[in-house]
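Peer 1: Structural data only, the sequence is not supplied:
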């Protein structure tokens, strides 16, 4: 089990928030300040220059999702994280962004990262807590399997090229 963390700035509706739902089930720790995000975490950052790969599993101590407005990505604080990783091409199954590529909810992003890192069971556990979780796995079954089978970031990018 990989510990899950979310930086949340309270910009989304709490009733729709997948991170808040995971917190209610004790599956994630929410931190209200960016300074509380551990330095050694794998930070899911859509602007990162490196894509997540199974090779990252050897150093990952936790995974952190950014459950906040996109303005936080402009902060210089982001630069202190060496473990910033972007997710490869995946399609959202959440009701707000259904069918849109690269626009995942926090729970979808965390689950995708877990699957790519070889923690499919944990990914299924967190996805079971949201109504669209199983659908996310169905819609993205092939790319997730290909990304999880890749050896490194170059392999993930090669697999991604088949879906773009």
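Peer 2: Structure's in. What do you need? Computed from a predicted structure; not experimentally measured.
Peer 1: remind me, longest helix of the protein?
Peer 2: helix 106-116 (DSSP state H).
Peer 1: elements contacting that one?
Peer 2: Under the contact criterion of 3 or more C-beta pairs under 8 Å, 6 or more residues apart in numbering; DSSP states H and E, helix 106-116 touches helix 18-24, strand 42-44, strand 63-67, helix 120-127, helix 133-139, helix 141-149. From N, CA and C alone the C-beta is placed, and that goes for glycine too.
Peer 1: Point out where the chain drops to low pLDDT.
Peer 2: 10-16, 68-79 (pLDDT under 70).
Peer 1: just the angle between the longest helix of the chain and strand 63-67, please?
Peer 2: 160 degrees (axes from the mean of the first three to the mean of the last three C-alpha atoms, to 10 degrees).
Peer 1: ok, back up a step: distance to residue 163 and mean neighbour count for the helices and strands packed on helix 106-116 - can I get that in a markdown table?
Peer 2: Formatted as a markdown table, the helices and strands packed on helix 106-116 follow (distance: least, C-beta to C-beta, whole Å; neighbours: other C-beta atoms under 10 Å):
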| stretch | distance to residue 163 | mean neighbour count |
| --- | --- | --- |
| helix 18-24 | 24 | 20 |
| strand 42-44 | 19 | 23 |
| strand 63-67 | 22 | 26 |
| helix 120-127 | 19 | 18 |
| helix 133-139 | 12 | 18 |
| helix 141-149 | 5 | 17 |
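Peer 1: Quick check: which of the ones you listed is nearest to residue 99?
Peer 2: Proximity to residue 99 (C-beta to C-beta) singles out helix 133-139 among the helices and strands packed on helix 106-116, at 8.3 Å.
Peer 1: Can you list the helices and strands that the closest one packs against?
Peer 2: With contacts defined as 3+ C-beta pairs under 8 Å, 6+ apart, the packing partners of helix 133-139 are helix 106-116, helix 120-127.
Peer 1: Hmm, residue 42 is touching residue 85, no?
Peer 2: Yes: counting by C-beta atoms under 8 Å, residue 85 is a contact partner of residue 42 at 5.7 Å.
Peer 1: so what sits against both of the two?
Peer 2: Counting by C-beta atoms under 8 Å, 6 or more residues apart in numbering, the contacts common to residue 42 and residue 85 are 52, 56, 113.
Peer 1: who's in contact with the last one?
Peer 2: Put plainly, it is residue 113. Applying C-beta under 8 Å, 6+ apart, the residues near residue 113 are 42, 44, 52, 63, 85, 87.
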